[in-house]
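pasting the structure only:
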């Protein structure tokens, strides 16, 4: 049986691209967005997943995002992405959209994202702004992911560039 999302009304081409990345993940996954910003990715995640958490250090971003997620159950938390206040390996999907360039130490934020991702989880780095695309193309993110023994692939799609990372599954870990 194929899981089909309901048609999305009043969404921009960018929103549809973001949703297309999220549709590749099981609906039962827990989702964390780091650096909410305008709330575009959180809004799409809220339409897709049952458990969505979004964090930002700026309360204005959280206030702006709340009405955009409508009546969806989303936890919006004020938190420093350099020190995520979550236990290890809590989320199935950990994502950011156009946020890496806003952090004082993006390497530390990436390390925190890896820390809170479950062993079979997915890291999703999305960029549509030129400055954020350049960060993704610089190579430092890929080297950090490789150093953490994560597999990754780049997935350009229209206006959005994506880097998707996950841990390879050991043969001994398979059920």
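In hand now; what should we look at? In this text, all values refer to a predicted model and were calculated from it rather than measured experimentally.

Which pLDDT value belongs to residue 6?
Per-residue pLDDT puts residue 6 at 39.

shaky segments in the protein?
Scanning the chain for pLDDT under 70 picks out 1-11, 157, 169-175.

which residues in it form helices?
If DSSP state H is used as the criterion, the helices of the chain fall at 13-22, 40-48, 59-68, 106-116, 130-137, 140-147.

Tabulate the ones you listed in JSON lines, adding columns for mean neighbour count.
Where you see a C-beta, it was placed from the backbone N, CA and C, and this is true even at glycine. Putting those into JSON lines (neighbours: other C-beta atoms under 10 Å) gives the following:
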{"stretch": "helix 13-22", "mean neighbour count": "17"}
{"stretch": "helix 40-48", "mean neighbour count": "25"}
{"stretch": "helix 59-68", "mean neighbour count": "15"}
{"stretch": "helix 106-116", "mean neighbour count": "19"}
{"stretch": "helix 130-137", "mean neighbour count": "15"}
{"stretch": "helix 140-147", "mean neighbour count": "15"}
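
would JSON lines of those helices with distance to residue 32 be doable?
Converted to JSON lines, those look like this (distance: least, C-beta to C-beta, whole Å):
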{"stretch": "helix 13-22", "distance to residue 32": "13"}
{"stretch": "helix 40-48", "distance to residue 32": "9"}
{"stretch": "helix 59-68", "distance to residue 32": "14"}
{"stretch": "helix 106-116", "distance to residue 32": "7"}
{"stretch": "helix 130-137", "distance to residue 32": "19"}
{"stretch": "helix 140-147", "distance to residue 32": "17"}
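
so which of the ones you listed gets nearest residue 98?
helix 130-137 (4.8 Å; C-beta to C-beta).

elements contacting the closest one?
Here helix 130-137 touches strand 117-127, strand 161-166, going by 3 or more C-beta pairs under 8 Å, 6 or more residues apart in numbering; DSSP states H and E.

now those strands in JSON lines, with mean neighbour count and distance to residue 63?
Converted to JSON lines, the helices and strands packed on helix 130-137 look like this (neighbours: other C-beta atoms under 10 Å; distance: least, C-beta to C-beta, whole Å):
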{"stretch": "strand 117-127", "mean neighbour count": "21", "distance to residue 63": "23"}
{"stretch": "strand 161-166", "mean neighbour count": "20", "distance to residue 63": "28"}
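
Turn those strands into a markdown table, including distance to residue 101.
Output for the helices and strands packed on helix 130-137, formatted as a markdown table (distance: least, C-beta to C-beta, whole Å):
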| stretch | distance to residue 101 |
| --- | --- |
| strand 117-127 | 9 |
| strand 161-166 | 13 |
